[in-house]
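[1] build me a model:
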Amino acid sequence: MNRFAAHWDLDPAVTFLNHGSFGACPRPVLEAQTRLRARMEARPIRFLAWELEPLLDEARRVLADFVGADVDDLVPVANATTGVNTVLRSLALDPGDEILVTDHEYHACRNAVDEVAARAGARVVVAALPFPVGGEDALVEALLARVSDRTRLALVDHITSQTALVMPVARIVRALAARGVDTLIDGAHGPGMVPLALDALGAAYYTGNCHKWLCAPKGAAFLYVRRDKQARVRPLVISHGADTPRTDRSRFQVEFGWIGTDDPTPFLCVPEAIRFLGSLLPGGWPALMAANHALAVQGRGILCAALQVPAPCPEALLGSMASVPFPDATEPFGLQPAVDPFEVELADRHHITVPVISWPTWPRRLVRVSAQLYNHPAQYEALAQVLGGRRGRS
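    From the prediction side, this is the model:
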């Protein structure tokens, strides 16, 4: 255990190398959430009806500063999948229009694209991205090769879930804009893993989770919509703000600011998460991101050595996660939802939590490791020992 692990309530008997899936919230941030919940339950009307809006405004302001956006262009949502669905369901598509995705797209969001396209009679076009890959040029070229004069939107992961590639989104946004195509960036892993400057990026839409690498409580995320696109974007739940007479803020802000009764404390804790994580290293967030990147690179090297495989991408295409090819599966999935039996074995027999991912299709697979401040090299060594032994029997 390293000195930072004490800030998290993770089970010390488990080697937890899967921060990327759901994050892990440090104790001081959970304590801040407990205080907010106590305040809400003590005076529910005062908190939810009178005090909530200015509290949300302050949380949005802190988050907007962190991600390099104008506060009026950013609204809270429950998670990045909700953000993607919100944009997709606000599109005006005609039959024959095209939505461009990659074959590395997160499965839930690909399902949303398929549903929206089917309803409109639009077409989903898939760009096959190479993996292993030698550099970002190959990623950009593969994506742009699938653009046509009917492409209306491109959905691109900032960091791909299965392969853990940091996509060159600035290049992609510029190239697509030059072709008249809007970009929706699925930044589920972006905030807290890589530096963000959303206004400078210029994407029409960006959605990101705060419960992953920012370490906020579960259910905290945001949707950024460029100012010229906001009039068309509506929340998935239409509520009181739909016919607001207010003139002190945009309809975009009013509609997303209240969609109905829920627990707003996860998003309200985002400022505390940013403050606390940023206080752990002398260099603040830049130092934290650099440390996590370095540990992810080191961890990947340990696994590649054990499996005797080359690194599948340059270090520059990694953030705080890394995926490594692993020998093909020899047995079918036995659980619903589908979980690789070896992932279960790692958890139950070796007490290691790490995703084993079918890629691109079963029986091919990857092992994806994450790196957060509570992790340390010996944990990757423990995983490598098991993987190396497994390789010898395959």
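
[2] packing partners of the longest helix seen in the chain?
    When every helix of the chain is counted residue by residue (DSSP state H), the longest turns out to be helix 284-307. In terms of contacts (3 or more CB pairs under 8 Å, 6 or more residues apart in numbering; DSSP states H and E), helix 284-307 is packed against helix 270-278, strand 321-326, strand 365-370, helix 377-393. All C-beta atoms are positioned from the backbone trio N, CA, C, and that covers glycine.

[3] tell me the confidence at Phe333?
    Looking at Phe333, its pLDDT is 62.

[4] wait, Pro341
    The predicted structure scores Pro341 at 86 on the pLDDT scale.

[5] would you mind measuring from it to Val254?
    For Pro341, the distance to Val254 under the criterion CB to CB, to the nearest Å works out to 49 Å.

[6] the more surrounded of the two?
    With other CB atoms under 10 Å as the criterion, Pro341 and Val254 differ in neighbour count, and Val254 comes out ahead with 20 against 15.

[7] I'd assumed that one was in a helix, is it?
    Yes - under DSSP: H, G, I helix; E, B strand; the rest coil, Val254 falls within a helix.

[8] next, the contact list for it, please.
    Val254 makes contact with Gly241, Thr244, Arg246 under the criterion CB atoms under 8 Å, 6 or more residues apart in numbering.

[9] with His189 instead?
    Here His189 is in contact with Gly20, His158, Ile159, Ser161, Asn209, Lys212, Trp213, Gly319, Ser320, Met321 (CB under 8 Å, 6+ apart).

[10] Leu93 too?
    Applying CB under 8 Å, 6+ apart as the definition, the contact partners of Leu93 turn out to be Ile99, Val116, Ala117, Ala120, Gly121, Ala122, Arg152.

[11] can you redo those residues as CSV with distance to Val169, secondary structure and neighbour count?
    As requested, these are exported to CSV (distance: CB to CB, whole Å; DSSP: H, G, I helix; E, B strand; the rest coil; neighbours: other CB atoms under 10 Å):
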residue, distance to Val169, secondary structure, neighbour count
Ile99, 17, strand, 24
Val116, 22, helix, 21
Ala117, 22, helix, 20
Ala120, 26, helix, 17
Gly121, 29, coil, 11
Ala122, 23, coil, 21
Arg152, 18, strand, 17
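
[12] tell me the buried residues within the contacts of Val254.
    Burial of those was assessed by neighbour count (16 or more other CB atoms under 10 Å); the buried members are Gly241.

[13] quick check, pLDDT for Pro337.
    The predicted structure scores Pro337 at 56 on the pLDDT scale.

[14] ignore what I typed, I meant Asp103.
    96.

[15] now do the one 5 residues further on
    Confidence at Ala108, expressed as pLDDT, is 95.

[16] Val124 sits in which helix or strand?
    Counting by DSSP states H and E, the secondary-structure element that holds Val124 is strand 123-127.

[17] pLDDT on the next helix or strand after that strand, on average?
    Heading C-terminal from strand 123-127, the first helix or strand you meet, by DSSP H and E, is helix 136-144. This predicted structure assigns helix 136-144 an average pLDDT of 98.

[18] could you check the angle helix 136-144 makes with strand 123-127?
    Angle, helix 136-144 to strand 123-127, by axes from the mean of the first three to the mean of the last three CA atoms, to 10 degrees: 160 degrees.

[19] show me what helix 136-144 is packed against.
    Using 3+ CB pairs under 8 Å, 6+ apart: helix 136-144 touches strand 98-102, helix 169-178.

[20] need the ones you listed in CSV (columns: distance to Val75).
    Compiled in CSV, those are given as follows (distance: least, CB to CB, whole Å):
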stretch, distance to Val75
strand 98-102, 23
helix 169-178, 20
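
[21] check contacts around Ala24.
    Contacts of Ala24 by CB under 8 Å, 6+ apart are Trp8, Leu10, Phe16, Cys215, Gln372, Tyr374.

[22] once you drop chain neighbours, what's closest to the second one?
    Taking CB to CB, 6 or more residues apart in numbering as the measure, Leu10 lies nearest to Phe16, with 5.2 Å between them; neighbours along the chain are not counted.

[23] give me the neighbour count for the one you found.
    Per other CB under 10 Å, the neighbour tally for Phe16 reads 20.

[24] also Val140?
    By the other CB under 10 Å criterion, the neighbourhood of Val140 contains 16 residues.

[25] cool, and Cys269?
    There are 30 residues near Cys269, going by other CB under 10 Å.

[26] so it sits against Ala216, correct?
    Yes - the pair Cys269 and Ala216 passes the contact test of CB atoms under 8 Å, sitting 5.4 Å apart.

[27] hmm, back to that, for the contacts of His189, which one is nearest Arg174?
    The shortest gap between Arg174 and any of the contacts of His189 belongs to His158, at 15.0 Å (CB to CB).

[28] which phi and psi does the closest one have?
    Reported as degrees, to the nearest 10, the phi and psi values for His158 are phi -70, psi -50.

[29] wait, doesn't it sit right on Ile185?
    Yes - the criterion here is CB under 8 Å, and His158 meets it with Ile185 at 5.3 Å.

[30] so can I have TSV of the contacts of Ala24 showing distance to Val356?
    Putting those into TSV (distance: CB to CB, whole Å) gives the following:
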residue	distance to Val356
Trp8	23
Leu10	20
Phe16	15
Cys215	24
Gln372	19
Tyr374	22
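
[31] and those, which is closest to Trp362?
    Taking CB to CB as the measure, Phe16 is the one of those closest to Trp362, at 25.3 Å.

[32] so which of the helices and strands packed on helix 136-144 comes closest to Ala92?
    Taking CB to CB as the criterion, strand 98-102 is the member of the helices and strands packed on helix 136-144 that comes nearest to Ala92, at 12.6 Å.

[33] which neighbouring elements make contact with that closest one?
    Secondary elements touching strand 98-102 (3+ CB pairs under 8 Å, 6+ apart): helix 107-120, strand 123-127, helix 136-144, strand 151-157.
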